[in-house]
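S.K.: need a 3D model of the sequence below.
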Amino acid sequence: MVDRTAQAMWQDYQFLTKEMMKFLTEQDMDLFYNLMNQRERLQTIIDQTADDGFKVSPEGRSLLTEIQQDSQNIIHNLQLRRSSSKRQHQVSEAYSGLSTAPISRMSWKR
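M.R.: Sure thing, here's the model as predicted:
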């Protein structure tokens, strides 16, 4: 891999985070998870790279704050999506239980 600065890698991390949000909003979960895996691999590389003081610089702090806010938005949207899916599942289960129960107890005698 070409030697890259911490700043360049954090900017790539920010790009991946924004793309994750975009595809989460579009409900393209395959692409979302692909981007998430790329971001995790990049995080490992960032952790092994010298920082050169970027994270404490004004530009670095601003970028990291933006990344943190975007990550919080992703978490919030994932929680909403999970809650919605859970609610849909519960409704589906309720209707499937209602549709079979009365029929199975019906008396076919006249």
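S.K.: for the rest of this, base every contact and every neighbour count on C-alpha atoms.
M.R.: Will do.
S.K.: can you pull the buried residues of stretch 19-29?
M.R.: Glu19, Met20, Met21, Phe23, Leu24 (16 or more other C-alpha atoms under 10 Å).
S.K.: OK, contacts around the last one?
M.R.: Spelled out, it's Leu24. Residues in contact with Leu24 (C-alpha atoms under 8 Å, 6 or more residues apart in numbering) are Phe32, Ile74, Asn77, Leu78.
S.K.: and the first one, what helix or strand is that in?
M.R.: Assigned by DSSP states H and E, Phe32 belongs to helix 29-47.
S.K.: ok, residues contacting that helix?
M.R.: Ala6, Met9, Trp10, Tyr13, Leu16, Thr17, Glu19, Met20, Met21, Phe23, Leu24.
S.K.: summarise which helices and strands the lengthiest helix in the chain is packed against.
M.R.: Looking across the chain with DSSP state H, the single longest helix is helix 58-105. Helix 58-105 is packed against helix 6-25, with contacts defined by 3 or more C-alpha pairs under 8 Å, 6 or more residues apart in numbering; DSSP states H and E.
S.K.: dump the helix it packs on to PDB, keeping only the CA atoms.
M.R.: Extracted in PDB, the C-alpha atoms of helix 6-25 (Å, rounded to 0.1, in the frame of the first residue of the first chain):
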ATOM      1  CA  ALA A   6      -3.300  10.200   8.500                       C
ATOM      2  CA  GLN A   7      -5.200  13.200   7.200                       C
ATOM      3  CA  ALA A   8      -5.800  11.500   3.800                       C
ATOM      4  CA  MET A   9      -7.000   8.300   5.500                       C
ATOM      5  CA  TRP A  10      -9.400  10.100   7.800                       C
ATOM      6  CA  GLN A  11     -10.800  11.900   4.800                       C
ATOM      7  CA  ASP A  12     -11.400   8.500   3.100                       C
ATOM      8  CA  TYR A  13     -13.000   7.300   6.400                       C
ATOM      9  CA  GLN A  14     -15.300  10.400   6.300                       C
ATOM     10  CA  PHE A  15     -16.200   9.600   2.600                       C
ATOM     11  CA  LEU A  16     -17.000   6.000   3.500                       C
ATOM     12  CA  THR A  17     -19.100   7.100   6.500                       C
ATOM     13  CA  LYS A  18     -21.100   9.500   4.300                       C
ATOM     14  CA  GLU A  19     -21.600   6.900   1.600                       C
ATOM     15  CA  MET A  20     -22.800   4.400   4.300                       C
ATOM     16  CA  MET A  21     -25.400   7.000   5.300                       C
ATOM     17  CA  LYS A  22     -26.500   7.500   1.700                       C
ATOM     18  CA  PHE A  23     -27.000   3.800   1.100                       C
ATOM     19  CA  LEU A  24     -28.700   3.200   4.500                       C
ATOM     20  CA  THR A  25     -31.200   6.000   3.500                       C
END
